[in-house]
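**Q** Give me coordinates for this.
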Amino acid sequence: MKIIVRLFFFTVLVLFSSARACLSAPLPLKISEDLEKLPVEESLGKSFIKYRDEFAKKYGTEFSFLINYQQQEILYNKHNTGNSRMVWYWNLEVNQRLWKGAGLTLELEVDKNKGVDKFIPTFSLFNTNTGDNASLYVPRLEFTQSLYADKISIAAGKLDLADWFDCNEFANSGDIQFLSDALVNNLAIPFPAKGLGAMAGFKPNDQFYFQAGASTAKAVYTKTGLSDGFNSTFFINEFGFTPQFKNLKGNYRFIFHLNHRKLPLIDNDEEADAQKRQQFGFAISFDQEVIKDKLGLFLRYGFADRRVYEIENFWSGGFQISEPFAGRKYDFIGFGVAQSFTGKNYRTFNEPDVAHCETMYELYYSYYINNTFILTPNLQLVVDPYADKTADCAVVCGLRGIVSF
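**A** Sure, this is the predicted structure:
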């Protein structure tokens, strides 16, 4: 096992030492828009993009389609070496402009398979898109409105608060950046599934903003949410600073959240009445350019109520480098580490086999083919999966391909 760990870090060191960065990485929040910024002459569908742009100008209707296919194989694990599984989904998004500053967004999606997470349980997840098979459903139906020169923004409908809160420039997308959920989200924030909710934001200037949101805590992502929309509520507030140091961009987010939902106490879950109605938490999400349009660093931290959650403290951090090799100006490399620390209540109730934390390492390379197709090979190492002292370390490699137009 020591040899495998050493090989993993040797690979990281080689890629990092040979990297030469020259272009900032694409923003993660709107994949299709980011890809469209790349040269159109390199696209496989120039005529389609031209037609779509003309249609949007005439009718105010924009649409994009994305297919995400991921194949992963377990390179090392005591009982699962050699097992391979895939995860894929497709998503159709339609945006309709209504009036000045207003829009309506509809998404349709199909999800398939759990991938290698079926074999090795973890807090981090090897794939943030892992889940159950889901036939055609509506993950998002959202109304948005911006006012006063975009200083005020509101959104309401069936939405995902994780699209608005705990964002990060270099660790935010399971489509074009990291695969592990621990390096895409903060595991100490109990974001609910996509459901009924609303948010409002205020940005008085370019260096400060505040936003608040609420949604159904018991939401089920494949349902409309009308039946359980008022049974429980998840509240979240975020203060953000976006300064520039010598023309180097940074984002510093401070997050407070409250989950108003009855949850069983971990150390008394055999008692039906042993429940906690409210859970508070705090988190941060920082990202900072270190070399202009070349190298960026990120850091997350959060803590949650140890009486009801397995994870009490969480942190993740890493870097992203652009143009790692000469001539590959649209490629980038990312490396991240995430640790999920179990709470004292969870360890006491499940002793003696519970470790203090689970550690996830991930290295990926985003290989640009054209502004429609991107390939991302990746390598992951998990120590003490699911914070289980008796569980063997796991090494997983994978390949992700996305088609977006």
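
**Q** would you put the C-alpha positions of the one helix or strand residue 210 maps to in PDB?
**A** Following DSSP states H and E, one finds residue 210 within strand 208-216. The C-alpha trace of strand 208-216 is given here as PDB (Å, rounded to 0.1, in the frame of the first residue of the first chain):
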ATOM      1  CA  PHE A 208     -18.900  43.200  -1.700                       C
ATOM      2  CA  TYR A 209     -22.100  41.300  -1.700                       C
ATOM      3  CA  PHE A 210     -24.700  39.700   0.600                       C
ATOM      4  CA  GLN A 211     -27.200  37.000  -0.300                       C
ATOM      5  CA  ALA A 212     -29.700  34.900   1.600                       C
ATOM      6  CA  GLY A 213     -31.800  31.800   0.600                       C
ATOM      7  CA  ALA A 214     -34.200  29.200   1.800                       C
ATOM      8  CA  SER A 215     -35.600  26.000   0.500                       C
ATOM      9  CA  THR A 216     -37.400  22.800   1.500                       C
END
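
**Q** Name the residues of that strand that are buried.
**A** 209, 211-216 (16 or more other Cβ atoms under 10 Å). C-betas here are computed from N, CA, C, even on glycine.

**Q** right, and the helix or strand after that strand?
**A** Using DSSP H and E, the first helix or strand after strand 208-216 is strand 233-241.

**Q** Okay, now the sheet partners of that following strand, with direction.
**A** When sheet partners are counted by DSSP bridges, strand 233-241 sits next to strand 208-216 (antiparallel), strand 248-264 (antiparallel).

**Q** got a markdown table for the ones you listed, with distance to residue 320 too?
**A** As requested, these are exported to a markdown table (distance: least, Cβ to Cβ, whole Å):
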| stretch | distance to residue 320 |
| --- | --- |
| strand 208-216 | 23 |
| strand 248-264 | 13 |
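
**Q** Looking at these, spot the one closest to residue 321.
**A** strand 248-264 (15.0 Å; Cβ to Cβ).

**Q** from the chain's centre, how far out does that closest one sit?
**A** 14 Å (Cα atoms, centre = their mean, to the nearest Å).

**Q** what's the angle between the helix or strand following it and strand 248-264?
**A** Moving toward the C-terminus from strand 248-264, the next helix or strand (DSSP H and E) is strand 275-291. Relative orientation of strand 275-291 versus strand 248-264 (axes from the mean of the first three to the mean of the last three Cα atoms, to 10 degrees): 170 degrees.

**Q** mind listing what the helix or strand following strand 275-291 pairs with, with the direction of each?
**A** Next in sequence after strand 275-291, counting helices and strands by DSSP H and E, comes strand 295-303. Sheet neighbours of strand 295-303, with direction, are listed as strand 275-291 (antiparallel), strand 311-322 (antiparallel) (DSSP bridges).

**Q** Just the CA coordinates for strand 295-303, please, in CSV.
**A** Output in CSV follows, covering the C-alpha atoms of strand 295-303 (Å, rounded to 0.1, in the frame of the first residue of the first chain):
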residue,chain,number,x,y,z
LEU,A,295,-2.3,29.7,-11.1
GLY,A,296,-5.2,29.7,-8.6
LEU,A,297,-5.6,28.3,-5.1
PHE,A,298,-8.7,27.4,-3.2
LEU,A,299,-9.7,26.6,0.4
ARG,A,300,-13.0,25.5,2.1
TYR,A,301,-13.8,24.9,5.7
GLY,A,302,-17.0,24.2,7.6
PHE,A,303,-18.4,22.8,10.8
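
**Q** tell me the mean pLDDT for it?
**A** Across strand 295-303, pLDDT averages out at 96.

**Q** go on, stretch 70-81?
**A** 92.

**Q** For the remainder of this discussion, apply numbering that starts at 37.
**A** Okay, using 37 as the starting number, the last item reads as stretch 106-117.

**Q** Can you tell me what sits against that stretch?
**A** 37, 40, 118-124, 151-152, 155-156, 162-163, 165, 215, 428-437 (Cβ atoms under 8 Å, 6 or more residues apart in numbering).
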